[in-house]
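Peer 1: Got a sequence here, can you build the structure:
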Amino acid sequence: MKKFIVLLCFLPFLLSCEQDSALSHSATCPPNGEEMQSEQNWLKELQACEEHYECKLQENNAYRCVSTTQCDPDAETPCHEEEHPKDEVLELWLLRHGQTHANANGILAGWLDTELTDLGIEQAKAVRPKLDAISFQAVYSSDLKRTVDTARLAYGEPIQDKRLRETHFGDYEGMYILKIDPLCLWELYTFGDFSAPNGESKSQTRDRVVEFINELAPGRYLVVCHGAVIRILSNELGEDYILDNSEILRVDWTNQKVIEKL
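Peer 2: Modelled structure (predicted):
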């Protein structure tokens, strides 16, 4: 019965997704500048217009499909900023460490220096084929053993920086997750400005991590770090990524966007 109720709750969302999908595969808007001779035709084409086009009425009473990526100071919609050239882009490959003994046993480990399990070692080794052909300006990790070992197994010797550490969970360090106060656990899960007793808040973690990132020159970097660190950086880009052990999030920090998850 509960599953049926949940399905009913999500049914409108599923239907809307199906409609959006159908629209996205319909005929595309005519190329930039092509005239559309009637309002009826405009209404039809407007529904098919893709993200970067907008149908506008011209002085001759014809309609044109105008690219919104071209800056027009008189346009109702704001101009789209052009992306930076590739040689000016700061690209981050954010790799979460492999499984640790704390992960395997349901223990909360922030600054607790827990080591990789046998599975975590294999997970880190399995990342290497994805990175072997990639050239990085540098490889960084936190100074905690789980990220240092993951970096060595997945690519090479990292430059260690304390600012890339996981959030400090204060009095909850080393505790079984199920024994933590449920309210605090919920705040941690929903990723509000969580702060454990005698620990570090999300905003404090964010400040030190972003400080590190902003010191990097343009280029491509491998950054081996922690779950909360990666989630915070994705939040800075308007996203909310929760990575499993040894997953990678590619980020264009300069243009403020996520490229892909690997």
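Peer 1: Just the helices from this structure, written as ranges.
Peer 2: Along the chain, the segments classed as helices by DSSP state H run 2-24, 39-48, 101-104, 118-131, 145-154, 182-190, 202-214, 227-236.
Peer 1: and those helices, which one's lowest on average pLDDT?
Peer 2: Among those, helix 2-24 has the lowest mean pLDDT, at a mean of 37.
Peer 1: And the closest residue to Q256 other than its chain neighbours, how far from K125?
Peer 2: Spatial nearest neighbour of Q256, excluding adjacent residues (C-beta to C-beta, 6 or more residues apart in numbering): L237 at 5.4 Å. No exception for glycine: its C-beta is placed from N, CA and C like everyone else's. Here the distance between L237 and K125 works out to 29 Å (C-beta to C-beta, to the nearest Å).
Peer 1: Kindly report the same for D161.
Peer 2: Distance from D161 to K125, by C-beta to C-beta: 24 Å.
Peer 1: Looking at the two now, which is surrounded by more residues?
Peer 2: A direct count of neighbours by other C-beta atoms under 10 Å for D161 and K125 places D161 higher, at 17 against 14.
Peer 1: how many neighbours does D132 have?
Peer 2: Counted with other C-beta under 10 Å, the neighbours of D132 add up to 9.
Peer 1: Next one, pLDDT for it please.
Peer 2: pLDDT recorded at D132 is 91.
Peer 1: can you pull the buried residues of stretch 247-254?
Peer 2: By neighbour count, with 16 or more other C-beta atoms under 10 Å as the criterion, the buried positions of stretch 247-254 are 247-249, 251-253.
Peer 1: now, which of these sits nearest L222?
Peer 2: Taking C-beta to C-beta as the measure, L222 sits nearest to I248 out of the buried residues of stretch 247-254, at 8.8 Å.
Peer 1: what's the average pLDDT for stretch 215-224?
Peer 2: Per-residue pLDDT over stretch 215-224 has a mean of 96.
Peer 1: Residues contacting that stretch, please?
Peer 2: The set of residues that contact stretch 215-224 without belonging to it, under C-beta atoms under 8 Å, 6 or more residues apart in numbering, is 87-97, 131, 134-142, 147-148, 150-151, 154-155, 158, 164, 254.
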